[in-house]
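>>> pasting the structure only:
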């Protein structure tokens, strides 16, 4: 979301926060920013009526989200755009493309949407998986800089090498996981493999 938004509004200040810190962070922004400063929140939302009303009174605040927990905001406030059928990145793109020429970002946005919505079915495609793995390897800041300056999904040789090394690491991990699985059989003869893992959960 931030990459699409920054493409349209260069120089905007970004804050990447996790869900647990939303209320406190937004409250701090409310009191520290001038009233003529616009705030855009994407891919997460606020939890309480009290905070929503406070932001509604302030104005110059928008939310773009796709989580079902945010639907109550869209039903109550015109500044909340929520659609659970697509990713927040796709929503951001749909909004911004009406005002800005960002068609070259479509392949990137499509890949993000495919991963974030789990491919709309059985799972993300290979390109989306590679993009997500590149995010994990580069980290948020490097990934952000790379795709803001060049949204192409044609990876250079360095990126291909990083992905190759990560794939090798994942495959090694999955082999170890499969070998350590505890297999149980229920009364109907169904088999269940149980493992305890702390990474590569989607791949497993």
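It's in. These numbers were taken from a predicted model, which means no experiment stands behind them.

>>> what is the least confident helix or strand in this structure?
Least confident element among the helices and strands of the chain, by mean pLDDT, DSSP states H and E: helix 22-32 (a mean of 80).

>>> pairing partners for the helix or strand following it, with directions?
Note on helix 22-32: by DSSP states H and E, the next helix or strand toward the C-terminus is strand 39-42. Here strand 39-42 has these sheet partners by DSSP bridges: strand 61-65 (parallel).

>>> can you give me the buried ones in the next helix or strand along the chain from the strand it pairs with?
Taking DSSP H and E as the definition, the helix or strand that follows strand 61-65 towards the C-terminus is helix 71-76. Under the neighbour-count criterion of 16 or more other Cβ atoms under 10 Å, helix 71-76 has 71, 73, 74 buried. (Glycine included, C-beta is placed from N, CA and C.)

>>> output the residues you listed in CSV; the columns should cover distance to residue 60 and pLDDT.
Conversion of those to CSV gives the following (distance: Cβ to Cβ, whole Å; pLDDT from 0 to 100):
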residue, distance to residue 60, pLDDT
71, 23, 93
73, 16, 94
74, 18, 94
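
>>> check the gap between residue 60 and residue 29 for me.
Note on residue 60: its distance to residue 29, by Cβ to Cβ, to the nearest Å, is 11 Å.

>>> show me which residues of the least confident helix or strand of the chain are buried.
Neighbour-count burial for helix 22-32, with 16+ other Cβ under 10 Å as criterion, is recorded at 22, 26, 29, 30.

>>> likewise stretch 118-129?
By neighbour count, and taking 16+ other Cβ under 10 Å as the criterion, the buried residues in stretch 118-129 are 124, 128, 129.

>>> these two touch, right, the last one and residue 115?
Spelled out, it's residue 129. Yes. Distance between residue 129 and residue 115: 7.0 Å, which falls inside the contact criterion (Cβ atoms under 8 Å).

>>> switch the buried residues of stretch 118-129 over to JSON lines; also include pLDDT and secondary structure.
Written out in JSON lines, the entries for the buried residues of stretch 118-129 read as follows (pLDDT from 0 to 100; DSSP: H, G, I helix; E, B strand; the rest coil):
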{"residue": "124", "pLDDT": "86", "secondary structure": "coil"}
{"residue": "128", "pLDDT": "93", "secondary structure": "helix"}
{"residue": "129", "pLDDT": "91", "secondary structure": "helix"}
